[in-house]
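S.K.: okay, predicted coordinates and the sequence, questions at the end:
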Amino acid sequence: MKKMVLKNLVLSAAFAAAGICSTGAALAADTIKVGILHSLSGTMAISETTLKDTMLMLIEEQNKKGGLLGKKLEAVVVDPASNWPLFAEKARELLSQHQVAAIFGNWTSVSRKSVLPVVEELNGLLFYPVQYEGEESSKNVFYTGAAPNQQAIPAVDYLMNDIGVKRWVLAGTDYVYPRTTNKILEAYLKAKGVADKDIMINYTPFGHSDWQSIVSDIKKFGKAGMKTAVVSTINGDANVPFYKELGNQGVSAEEIPVVAFSVGEEELSGIDTKPLVGHLAAWNYFMSVEADANSQFIAAWKKFIKSDKRVTNDPMEAHYIGFNMWVKAVEKAGTTDSTAVQDAIIGIAVPNLTGGLSAMMPNHHITKPVLIGEIQGDGQFQVVWQTSGLVAGDAWSDFLPGSKDLISDWRAPLSCGNYNVKTGKCSGQNYE
Amino acid sequence: MQTKAVLRWVVLVVLWMATLQVSPAVAAADATTLEQAVILLQSKKFSDKSEAIKLLVEYGNPAVKGVLLALLESQLYHQQADQRLVIATPKEGGELFHDALSGEPLLAVTQEQLKKIAINNAMRSEIRSALAIMDLRHPEASTRLAAVTQMLDRPDADNAALLRPLLDKEEDSRVSEMMTMVIALANLLSEDRQLRKEAVETLDGSLHPAIRNGLVTLQQSTSDKAFAATISRVVANIDSKLQFYSFLENLFFGLSLGSVLVLAAIGLAITFGVMGVINMAHGELIMIGAYTTYAIQLLMPNQIGLSVVVAIPAAFLISGLVGIAIERGVIRFLYGRSLETLLATFGISLILQQTVRSIFSPLNRSVATPEWMSGAWEINSALSLTFNRLYIIIFCLLVFAALFVVLKRTTLGLQVRAVAQNRAMARAMGVRSEWVDAMTFGLGSGIAGIAGVALSQLTNVGPNLGQAYIIDSFMVVVFGGVGNLWGTLVSGMTLGVANKFLEPWAGAVLAKILVLLFIILFIQKRPRGLFPQQGRAAEG
């Protein structure tokens, strides 16, 4: 008797399993897969985990609206573990094994450079949501974060014209994004007539924690009787001890303001912001911006992540814009085929979270407003300045000697990411 | 622009002082000023708010000071319904609201009805200068000193004129000295040659950067050669003093970096130095100590200062227990196989990191710094020592002394040294070597936990905290001489100071590389480090 029961149990379990499998298989055929390539472990997990959750939320919302082309979207999450070569492997896995229609992912530039050859080879689509150093334009990559002209240059303009800054400290972490950005900024400042002795450039290793000497140097540099500001491309983690040291050594934002390009709401949520009040950040989005789209997004995010304390930030907005652009492009093209989507997406405009419309430009960068915010005691930013209109992202900086002759236009007939207007040649992807 | 603005305030303040004794008719006119200011303050434009501040200063009622202070501390709100200004003061479990102008408590008001009045940097400095002028007659000498010191950055004849009558009445010597400086600095710009000369003499030897700037500007603009030479002598005098203080400052930076290195490495000096275990998970034990601090602060949210003190023994215990578990669970099977130990402990370090990520999330946690650990001890305007670093130097020396006593004066210490020198002989003498191994490893790990408490005050508390310190720790121990506590102390301090003296000259990245290169060369010459172990045990 007992044996019978057991047998039945096993049988029914097997049926049930088969049932689940078959529905699973049926589902798989009817879904559009979306790859999410963000580190969930290792150093970059701190920033990238949030973006994975953002994508899951956007996909869930889209499915509630009835999916895409009559099919449900299915998220495929992989973990490249902050390991740059692993990013390439995982991208290959997403494209060839899972056959995803598009990849949303990456944070660091080096991880993007690692994925780039893979998406180009397999003709995939990559939406990259983080501000970066520019000097790149790929047929297969859509840059929804800010290029230097959408973040760094307007910030410097603000400091120069509105605050009257005459001396500049360019401080950054020692890797590609700060080095390139600072090169652009240095060229820009010199073009504006700033003398060599009024620019101090400083690089520190990743995760630098002993800022005593550097802050003391900045303090001395700023005491020369001219208004001084720090333009910081210091990478996420190292910022906390940097700001702490500024506070302890008594450098206030009124004396020497620091404008940062990598410090957002998420980074501030880990620290006591009282000593930082008044320091600045330049982004294309702040959580505190008053717009209907933004308050809806924040409410949805808090509900999705089941926490009232979680904040939203700029790269999240970039994913929001990028995802909606992709959805619109797929609807316009009527297919998820990547070549068709690449054609369809140029010119598509979707609402951003600051109350305007962002459009995809022919160079695969988007238009965005630029906002400057001051840090408040509650870890939020107060917008103190913004560009009057939208700024279109520039793939190739106008201030670097090698790249100012280059333009990028992926529409036929040019279809080139780095067309040299002087020589009239398209130098291919391997421009250096 | 700025001088003009200050001038305006000076006039306004003088006017205000005059209005204090005038008729109600004027007061009524002022009431409309106030109304106007209140309306402007609620505007979205910063230029309107800035105008409002000027009006408030002009109105000059004592209540205005409270409003300005609240604005500065971002505690000023306006009620959306009736445009009333409300000040929120934080109290336990919420905020206390009262009317900004009348000061009457508002019990029915809730946070939802209020909107914060945001300000920007320009407004902050406007408010500060206005408050400084109000503070010149403050009964507290330190407040007056701060107010006068603020004027140094904006030397002009109006400020000097404001200070001159106050100078005679000033009783506090520091305040009057600072007033003399401000007046002299303003006099540098005076038309009167004699006045300028006297001012230069007064300013001789002062270290404040604004004064040096003022002197240099004057030297460049003056046509009188002899006078220019006098100024350049004064400036050279100031510069030589500044150089001396900047040397002291660098030394302090070096010692503080050194003490962080010693704290991080001293636990390793025991596990690696005494026991010979290459423990790659040492950094994670530090991290556990830092997370313990965070957890303790969660338990005692209102006593930040005490929580840091409580965290020290707690971190010692928790990291120590984790260390003992690692020793009993893994390392004891691997004694004498250093490569396997290295790989196994590296694996443990990854496991610990990911565990912390799963429990506390990958985001950095915020550990509050107690009031007494923030800020700086200002010795003079060229040299100030930050309190957190100062305490950490002291703390490092205390930990070192305690550890030294434990190893040299207690039974456990005796047994540890016996086992380290000759395990077989120690066992023959009745020492339970396994127990001693576990205790030694626990002691080293516990010290790592204590280092974590100190680091939580300096850097990020996150899963990657430990990785940042593991290489440095090994460097310090190897350089100092394996198995020698004094060696660790001396090498940590040496590396810290060397790093900080190289940094201004070579930059942070290159300084680190140079120090590493130096150690490699040094180890080539003296493979056993600064203080090599002597005797037969060292040969084994």
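M.R.: Done, it's in. Numbers count the residues shown, from 1 in each chain, chains lettered A, B, ... in the order given.

S.K.: show me the shaky parts of the chain.
M.R.: Since no chain was named, I'll use chain A. The model of chain A has pLDDT under 70 over residues A:1-29, A:236, A:270, A:428-432.

S.K.: you answered for a different chain; I wanted chain B.
M.R.: Residues of chain B that meet the cut-off, pLDDT under 70, sit at B:1-31, B:60, B:92-93, B:154-157, B:534-540.

S.K.: which residues in it form strands?
M.R.: For chain B, the strands defined by DSSP state E cover B:76-79, B:85-91, B:94-99, B:114-116, B:376-380, B:383-386.

S.K.: and these: which comes nearest residue A:73?
M.R.: strand B:114-116 (39.3 Å; Cβ to Cβ). For every residue, glycine as well, the C-beta is placed using N, CA and C.

S.K.: buried residues, that closest one. List them.
M.R.: By neighbour count on 16 or more other Cβ atoms under 10 Å in any protein chain shown, the buried set for strand B:114-116 is B:114, B:116.

S.K.: against which helices or strands is that strand packed?
M.R.: Other helices and strands packing on strand B:114-116, by 3 or more Cβ pairs under 8 Å, 6 or more residues apart in numbering or on different chains; DSSP states H and E, are strand B:76-79.

S.K.: ok, residues contacting the helix or strand residue A:293 falls within?
M.R.: Here residue A:293 is covered by helix A:292-305, with elements defined by DSSP states H and E. Residues outside helix A:292-305 that contact it (Cβ atoms under 8 Å, 6 or more residues apart in numbering or on different chains) are A:53-54, A:56-57, A:60-61, A:285, A:287, A:308, A:310, A:312, A:316-317, A:320, A:351-355.

S.K.: need the buried ones from those residues selected in ChimeraX.
M.R.: If you want just the buried ones from the contacts of helix A:292-305 in ChimeraX, going by 16+ other Cβ under 10 Å, the selection is:
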select /A:53,54,56,57,285,287,310,312,316,317,320,352,353,354
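
S.K.: what about the residue nearest to residue A:378 when sequence neighbours are not counted, how many residues close to it?
M.R.: Leaving aside its sequence neighbours, residue A:378 sits nearest to residue A:273 (Cβ to Cβ, 6 or more residues apart in numbering or on different chains; 7.2 Å). For residue A:273, the neighbour count with other Cβ atoms under 10 Å in any protein chain shown is 18.

S.K.: can you tell me how far residue A:273 is from residue A:302?
M.R.: In this view, residue A:273 and residue A:302 are 20 Å apart by Cβ to Cβ, to the nearest Å.

S.K.: check residue A:325 too.
M.R.: 24 Å.

S.K.: which of these two has more residues huddled nearby?
M.R.: Ranked by neighbour count (other Cβ under 10 Å), residue A:325 and residue A:302 place residue A:325 first, with 24 against 15.

S.K.: now do the SS call for that one.
M.R.: In three-state terms, and counting by DSSP: H, G, I helix; E, B strand; the rest coil, residue A:325 is helix.

S.K.: returning to that earlier point: which of the contacts of helix A:292-305 fall within strands?
M.R.: Among the contacts of helix A:292-305, DSSP E puts residue A:351 in strands.

S.K.: now residue B:515. Nearest residue, chain neighbours left out?
M.R.: residue B:499 (5.4 Å).

S.K.: again, but for residue B:65
M.R.: Nearest residue to residue B:65, sequence neighbours excluded (Cβ to Cβ, 6+ apart): residue B:134, at 5.9 Å.
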